[in-house]
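Q: here you go, sequence then predicted model.
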Amino acid sequence: MVFGISTVIRKTKSYNVLVSSVRRIAEKPNGFLFNEKPRRPGELRKKEDWENIWVFGLGLSLLLGVVGYHYKPDTTLRNWAKNKALERIETRDKLRKDQELDMSTSTEST
């Protein structure tokens with residue numbers, strides 16, 4: 001039981017140190033979202049340099065993901081088995097036609 005309490009205290013101390021170090025790095029809260037002051041009515045928001053690049057990159061990656069997902073190969077077991085069965089049926093039919101052709105040519109030659 002004592003081991004459990006000391007572990008909790010030790011973890012709490014390290015948590016407090018972590019929180020206090022993060023608070024020192026971050027800006028002090030000022031009450032504004034993303035540290036942007038409220039604009040006057042009709043005033044447009046000025047975008048930062050990285051925002052357009054980020055939006056373009058996100059849109060392009062989503063577009064590539066959707067197109068890639070649409071054209072991905074079908075790897076389900078059911079369709080693989082269906083295609084394999086169709087191949088075997090085609091091969092069997094081709095062999096039967098070849099055998100029938102051989103039999104018909106052998107009877108004609110005699």
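A: Yep, that arrived. Quick caveat, the model's predicted, so the values are computed rather than measured. Numbers count the residues shown, from 1 in each chain.
Q: quick check on residue 82: phi, psi?
A: phi -60, psi -50 (degrees, to the nearest 10).
Q: how close does it get to residue 76?
A: 9 Å (CB to CB, to the nearest Å). In short, each C-beta sits where N, CA and C put it, glycine included.
Q: more neighbours: the two, which one.
A: Each of residue 82 and residue 76 has its neighbours counted (other CB atoms under 10 Å); residue 82 has more, 11 against 8.
Q: what strand or helix carries the spatially most central residue of the chain?
A: Centroid-nearest residue in the chain: residue 65, 7.2 Å away (criterion: CA atoms, centre = their mean). Taking DSSP states H and E as the criterion, residue 65 maps to helix 49-70.
Q: for that helix, what is the distance to the chain centroid?
A: The chain centre lies 13 Å from the centre of helix 49-70; the measure is CA atoms, centre = their mean, to the nearest Å.
Q: ok, now stretch 46-61?
A: That offset, for stretch 46-61, works out to 20 Å (CA atoms, centre = their mean).
Q: cool, stretch 31-42 as well?
A: 35 Å.
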